[in-house]
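Colleague: please work out how this folds:
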Amino acid sequence: MERIILIETSTALCSTALAEDGAIVSYRESSAPKAHASLTAVFIQEMLDGRGITLADCDAVCVSMGPGSYTGLRVGVSTAKGLCFGAKKPLLAVGTLDTLVAQASDMATPPLHIVPMIDARRMEVYTATFSRSSAQGSDLEPGAWQQITETAPMIIDENSFADILNDGPVLFIGDGAGKCADVITHPNASFLQCHPKASAMLAPALAAYRTKEFRDVAYFEPFYLKEFVATVSKKKLF
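Modeller: Now for the predicted structure:
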């Protein structure tokens, strides 16, 4: 039995899940502001206690690697590293955009393309384009989702994604999708405002575990996409 702890803290939603034998058996989430650091480890302990097991009974820990919130990613990765180091378990990592694609993959009528979006600032998002793979020229299963553009920051305007929108239906999903709905008005565009969830990490986490794509616990760092820039408060302290 494969038992994997899943941690998703890349956005405003803090969530954890426990997978056993290819299924989610326990899940916790909270959208309380700035609570990731205080809740992540608590959620994991609650899930383990609820199943009557300990960390030693798990096979791996999988964490969201970004892009996303600098602070949220640090909390998730630090927690995952601590668990792996203390219990000598392998570390797995799943891209935040891959998690959003997985959340959309069970749609009854899938679109031609999926564009996951993580909110950045103003009209900027972190994004990439995913398309369904064909039976030819791909190592993936026919119909699986394949990333066809690099993950990058993008400022959205009315002409964004015009090329793929002209091809057919496109689903924009993530916590950055909603703010684009008033700008991207193409009839082939649909929008799903949501946060990535730990439960949706299951399929990519299992794939990484079975192919032994383990990360270096000592040196692994989140994929921030942009460097963190600290700002100085303008408030007078004295």
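Colleague: now the spatially most central residue of the chain: closest residue in space, sequence neighbours ignored.
Modeller: Ranked by distance to the mean C-alpha position of the chain (Cα atoms, centre = their mean), the top residue is Thr96 at 2.3 Å. Among residues not flanking Thr96 along the chain, Ser10 sits closest, at 4.5 Å (Cβ to Cβ, 6 or more residues apart in numbering). Yep, even glycine has a C-beta here, placed from its N, CA and C like the rest.
Colleague: ok, that neighbour touching Ser64?
Modeller: Yes - here Ser10 reaches Ser64: they are 4.5 Å apart, a contact under Cβ atoms under 8 Å.
Colleague: what sits in contact with each of these two?
Modeller: Counting by Cβ atoms under 8 Å, 6 or more residues apart in numbering, the residues touching both Ser10 and Ser64 are Leu73, Gly76, Thr96, Pro196.
Colleague: in helices, which of those fall?
Modeller: Counting by DSSP state H, the shared contacts of Ser10 and Ser64 place Leu73, Gly76, Thr96 in helices.
Colleague: wait, doesn't the second one sit right on Thr40?
Modeller: Yes - Gly76 is within contact range of Thr40, at 6.6 Å (criterion: Cβ under 8 Å).
Colleague: mutual contacts of these two, please.
Modeller: In contact with both Gly76 and Thr40: Ile7, Thr9, using Cβ under 8 Å, 6+ apart.
Colleague: neighbour count winner among those two?
Modeller: Counted by other Cβ atoms under 10 Å, Gly76 and Thr40 do not tie: Gly76 has more neighbours, with 29 against 25.
Colleague: OK, contacts around the more buried one?
Modeller: The contact partners of Gly76, taken as Cβ under 8 Å, 6+ apart, are Ile7, Glu8, Thr9, Ser10, His36, Thr40, Val63, Ser64, Pro222.
Colleague: what is the burial count for the fifth one?
Modeller: I take that to be His36. Neighbourhood size, His36 [other Cβ under 10 Å]: 25.
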